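Participant: Fold the stuff below for me.
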Amino acid sequence: MRRIAAFAVAASAIAASLLMPTARNSAEPPPRPKTLPDFALPDAGMTVRKRSEWEAGKALVVIFTGTQCPQCNRFVPELGKIQEEYKAKGVSVIGINSNRNEQKEIAEHAKEHGVPFPILRDADHAVADALGIEVTPTALVVDSKWAIRYRGRIDRTQMGSATTGEDVRAALDAVLGGREVAKPETEARGCTVRRNEPKKEGAVTWTKDVAPIVYANCVQCHRMGQIGPMPLTDFNHASAFAQEIRSAVVAKRMPPWKPVGGQEFTGERKLTAEQIETIVKWVDGGTPEGDPKDEPAMPEFKSDWLMGEPDLVLDAGEDFEVRAGPDLYRHFLMPNKLTEDKWVSAVEVKPGNTRIVHHVLAYLDETGTAKRLDESEEGLGYEGGGGFPGFVPIGEMGGWTPGFFARPLPKGVARKLPKDATIVLQIHYNNPTGSAQKDRTKIGLYFAKDPVKQLLYQARILNPWFKIPAGEAAWEVNAAWPVNRDISVISVMPHCHLLGRKATMIAELPNGKETSLIEINDWDFKWQDTYNLKTPLHLPDGSNVRLTMTYDNSEDNPRNPNVPPVGIRWGEHTTDEMCLGYVNYVRDHEDLTKKKK
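Facilitator: Here you go, the predicted structure:
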């Protein structure tokens with residue numbers, strides 16, 4: 001393992017964690033059919049469409065799809081592009097929905113999502129069965145003689161990144177060019193085809209055994225309007241995604257909790273071995289519903305805000321239109337009408353459009369510079385880079401990254417919001433949807449109800465002087481922050497981008513002893529959080545906090561945005577990298593409740 005060391009001084013998701021390759025439970029899968037079977041299926045408008053309708057074409061793209069699967073929905077624009085680009089070459093695109101629980105949703109879904117190709121109803125999943133289709137989306141590229149020349153994924157991209165359609169396009173180009181397809185089969189990733197009706201009764205049921213687990217651990221995110229890609233607030237939805245739930249909890253991808261070492265943190269999201277076993281037995285037993293009388297009441301969420309209604313909610317006043325494409329940094333002023341300074345004990349940032357918001361940082365400006373920058377540009381807000389908001393901030397007011405869960409600060413600790421300060425949200429957009437999107441991100445402030453003894457401070461540990469060579473699967477980069485006074489650590493947050501694999505933060509005490517702050521050995525850009533220590537950790541003057549990031553810049557990394565890999569340096573773009581860590585702390589000897597003499 002190679003190392004680079006340096007000193008430095010003092011942020012959709014869930015879907016990818018749930019979606020996975022799925023295969024039938026058999027020792028050896030049946031042989032793959034080599035031709036597309038004849039069919040006569042009704043489309044969304046109930047007009048019967050036969051295979052012969054497309055016999056004059058040179059190639060046909062068949063997509064087994066669904067209405068509820070987020071992986072299917074993210075590819076709709078890309079498939080529309082493929083249809084438009086290849087139709088003059090004699091290529092058509094059709095979709096087939098074989099999910100027993102979605103047949104009534106097909107027409108409305110196609111209208112809502114602007115699906116530009118016909119979706120056929122395979123209600124008894126006969127076509128899916130004939131072809132051995134287990135996952136949506138699965139793409140087939142079929143030639144003019146109905147031979148299946150390609151089967152598998154649409155492309156290698158993951159949730160949250162821009163689609164390319166590279167695998168389908170490559171197969172089409174080969175078929176149209178009279179060549180063999182270089183890679184005739186890949187592994188599809190997405191949602192299980194819903195073939196069977198759930199059972200009514202069983203040893204383990206939804207109402208008595210599984211609903212209590214889901215309601216206690218999942219529905220905070222998996223409900224309408226929140227970041228979970230599908231609601232799990234009722235039996236119908238939970239049973240439809242039972243295989244995905246089973247896979248995610250067994251692999252411990254869900255609930256999302258990345259630390260495997262370090263301090264004890266508040267809000268740990270973990271299932272017990274017994275809870276995981278219960279879910280497995282329910283799924284393997286056919287997802288029986290049970291007696292509705294046994295089902296507990298779902299938690300009552302009185303607000304869309306995770307911590308309840310804030311004392312003050314601010315936004316830019318109108319929607320902002322984000323152009324399609326990667327990496328736009330925009331700064332928005334959040335003017336307030338406060339008549340006195342406020343102590344803020346908690347902050348929650350709520351993105352208006354989680355599909356395109358990469359991260360948010362909140363800064364405080366008392367100089368008027370942000371207002372002048374805003375007035376100097378047309379439209380809402382002003383543009384800039386990610387490293388500097390255009391002014392020297394007097395402080396920060398939290399932020400948001402994918403996977404972030406807002407939590408209150410410890411009693412007696414707060415951020416200060418001067419009455420004349422303007423909160424500026426620096427928002428990094430990454431819009432892979434193919435069309436302009438609107439966003440109106442809000443910030444909610446919770447004011448301290450108890451006397452404030454200590455101000456929250458933040459140190460940034462960073463190393464921008466590195467290069468990750470192409471092909472390196474375990475490249476290590478280090479940074480450090482020397483502690484120059486007695487402090488107590490409140491929370492920590494490591495940060496990097498798509499190539500990150502591991503992250504550790506270690507405090508070295510003046511006596512040479514080391515204490516682990518946090519250890520993550522399966523970094524996922526979509527699941528970043530600020531990790532709040534259950535008990536603040538005292539670090540004496542002279543301590544040193546080391547940050548170590550390990551990156552995988554090999555072609556084997558499915559998150560690598562570059563194929564073939566290229567050398568990567570520090571940068572603000574999603575496809576660049578960072579070695580960055582935050583330490584939020586208080587000064588041990590500070591007591592704001594005591595009047596200065």
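Participant: how long is stretch 183-203 end to end?
Facilitator: End-to-end span of stretch 183-203 (Cα to Cα, to the nearest Å): 45 Å.
Participant: Which residues belonging to that stretch are considered buried?
Facilitator: 186, 188-194, 198, 202 (16 or more other Cβ atoms under 10 Å). No exception for glycine: its C-beta is placed from N, CA and C like everyone else's.
Participant: swap in stretch 90-108?
Facilitator: Of all the residues in stretch 90-108, those buried under the rule 16+ other Cβ under 10 Å are 91-103, 105-107.
Participant: In strands, which of the buried residues of stretch 183-203 appear?
Facilitator: 191-192 (DSSP state E).
Participant: ok, which pair from the buried residues of stretch 183-203 is furthest apart?
Facilitator: Maximum pairwise distance among these (Cβ to Cβ): 35.9 Å, between 186 and 202.
Participant: which one of the buried residues of stretch 183-203 sits closest to residue 212?
Facilitator: Out of the buried residues of stretch 183-203, the member with the shortest distance to residue 212 (by Cβ to Cβ) is residue 202, at 16.1 Å.
Participant: How about the contacts made by the closest one?
Facilitator: By Cβ atoms under 8 Å, 6 or more residues apart in numbering, the contact list for residue 202 reads 282, 285-286, 288, 290.
Participant: Find me the pLDDT at it, would you?
Facilitator: Residue 202 is assigned 88 on the pLDDT scale.
Participant: ok, it to residue 194 distance?
Facilitator: 18 Å (Cβ to Cβ, to the nearest Å).
Participant: Likewise for residue 565?
Facilitator: Distance, residue 565 to residue 194, by Cβ to Cβ: 38 Å.
Participant: and what of residue 540?
Facilitator: For residue 540, the distance to residue 194 equals 58 Å [Cβ to Cβ].
Participant: Mind giving me the packing neighbours of whichever helix or strand residue 245 is part of?
Facilitator: Element membership for residue 245 (DSSP states H and E) is helix 242-250. Using 3 or more Cβ pairs under 8 Å, 6 or more residues apart in numbering; DSSP states H and E, the elements in contact with helix 242-250 are helix 14-18, strand 191-192, helix 273-284.
Participant: Could I get the CA-only coordinates of the last one as PDB?
Facilitator: Output of helix 273-284 as PDB, limited to C-alpha atoms (Å, rounded to 0.1, in the frame of the first residue of the first chain):
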ATOM      1  CA  ALA A 273     -29.300 -10.600  14.500                       C
ATOM      2  CA  GLU A 274     -32.700 -11.700  15.800                       C
ATOM      3  CA  GLN A 275     -34.500  -9.000  13.800                       C
ATOM      4  CA  ILE A 276     -32.600  -9.900  10.600                       C
ATOM      5  CA  GLU A 277     -33.500 -13.600  11.100                       C
ATOM      6  CA  THR A 278     -37.200 -12.600  11.500                       C
ATOM      7  CA  ILE A 279     -37.200 -10.700   8.200                       C
ATOM      8  CA  VAL A 280     -35.400 -13.600   6.400                       C
ATOM      9  CA  LYS A 281     -38.000 -16.100   7.700                       C
ATOM     10  CA  TRP A 282     -40.900 -13.900   6.600                       C
ATOM     11  CA  VAL A 283     -39.500 -13.500   3.100                       C
ATOM     12  CA  ASP A 284     -38.600 -17.100   2.700                       C
END
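Participant: Identify the residues contacting whatever helix or strand comes next after that helix?
Facilitator: Next in sequence after helix 273-284, counting helices and strands by DSSP H and E, comes strand 312-314. With contacts defined as Cβ under 8 Å, 6+ apart, strand 312-314 is touched by 334-336, 342, 423, 442-445, 447.
Participant: Then stretch 456-463?
Facilitator: The contact list for stretch 456-463, computed with Cβ under 8 Å, 6+ apart, reads 4, 6, 8-10, 396, 409, 413-415, 477-481, 487, 490, 505, 545, 547, 570, 578-587.
Participant: Stretch 376-394 - what's its average pLDDT?
Facilitator: Stretch 376-394 comes out at a mean pLDDT of 86.
Participant: can you give me the helices for the stretch 351-500 of the chain?
Facilitator: Here the stretch 351-500 of the chain has its helices, by DSSP state H, counting those that start in this stretch, at 369-376.
Participant: shaky segments in it?
Facilitator: 386-387, 403 (pLDDT under 70).
Participant: what sits against residue 550?
Facilitator: 1, 474-477, 500-503.
Participant: Kindly provide the distance from residue 445 to residue 402.
Facilitator: Residue 445 is 22 Å from residue 402, by Cβ to Cβ.
Participant: go on, residue 560?
Facilitator: From residue 560 to residue 402 the distance is 18 Å (Cβ to Cβ).
Participant: what's the closest non-adjacent residue to residue 91?
Facilitator: residue 59 (4.8 Å; Cβ to Cβ, 6 or more residues apart in numbering).
Participant: And for residue 52?
Facilitator: That would be residue 38: by Cβ to Cβ, 6+ apart, it lies 7.9 Å from residue 52.
Participant: what about that neighbour, neighbour count?
Facilitator: If you count neighbours by other Cβ atoms under 10 Å, residue 38 ends up with 11.
Participant: that's a strand at residue 538, yeah?
Facilitator: Yes - assessed with DSSP: H, G, I helix; E, B strand; the rest coil, residue 538 lies in a strand.
Participant: wait, what's in contact with the nearest residue to it once chain neighbours are set aside?
Facilitator: In this structure, residue 538 finds its nearest non-sequential neighbour in residue 488, 5.2 Å apart by Cβ to Cβ, 6+ apart. Residue 488 is in contact with 536-539, 585-586, 588, counting by Cβ under 8 Å, 6+ apart.
Participant: for those, which one is nearest residue 87?
Facilitator: Each of those was checked against residue 87 using Cβ to Cβ; the closest is residue 585, at 59.8 Å.
Participant: Are any of the contacts of residue 488 buried, and if so which?
Facilitator: Burial by neighbour count, 16+ other Cβ under 10 Å: within these this picks out 536-537, 539, 585-586, 588.
Participant: Look up how far residue 93 lies from the residue nearest to residue 91.
Facilitator: Distance from residue 59 to residue 93, by Cβ to Cβ: 10 Å.
Participant: Within the helices and strands, which one has residue 133?
Facilitator: When elements are assigned from DSSP H and E, residue 133 belongs to no helix and no strand.
Participant: could you list every residue that touches it?
Facilitator: Residue 133 is in contact with 64, 98, 127, 193, counting by Cβ under 8 Å, 6+ apart.
Participant: Give me the subset of the residues you listed that lies in helices.
Facilitator: Judged by DSSP state H, the subset of those located in helices is residue 127.
Participant: now, the most widely separated pair of the contacts of residue 133?
Facilitator: The largest separation in those, counting by Cβ to Cβ, is between 127 and 193 at 10.8 Å.
Participant: which residues are in contact with both of these two?
Facilitator: Here residue 127 and residue 193 have 98, 133 as joint contacts, going by Cβ under 8 Å, 6+ apart.
Participant: Is residue 361 bridged to anything, and to what?
Facilitator: residue 399, residue 426 (DSSP bridges).
Participant: whoops, residue 140 was the one
Facilitator: On the basis of DSSP bridges, residue 140 is bridged to residue 62, residue 151.
Participant: Number of residues surrounding it?
Facilitator: Residue 140 has 22 nearby residues by other Cβ under 10 Å.
Participant: That one against residue 154, yeah?
Facilitator: No - with contact defined as Cβ atoms under 8 Å, residue 140 does not count as touching residue 154 (10.9 Å).
Participant: list residues touching both of those two?
Facilitator: Between them, residue 140 and residue 154 have residue 63 as joint contacts when contacts are counted by Cβ under 8 Å, 6+ apart.
Participant: Type out the PyMOL command that picks the buried ones from the contacts of residue 202.
Facilitator: Listed next is the PyMOL selection for buried residues among these, using 16+ other Cβ under 10 Å:
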select buried, resi 282+286+288+290
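Participant: Pick out whichever of the contacts of residue 202 sits closest to residue 163.
Facilitator: Distances from residue 163 to these, taken by Cβ to Cβ, are shortest for residue 282, at 33.7 Å.
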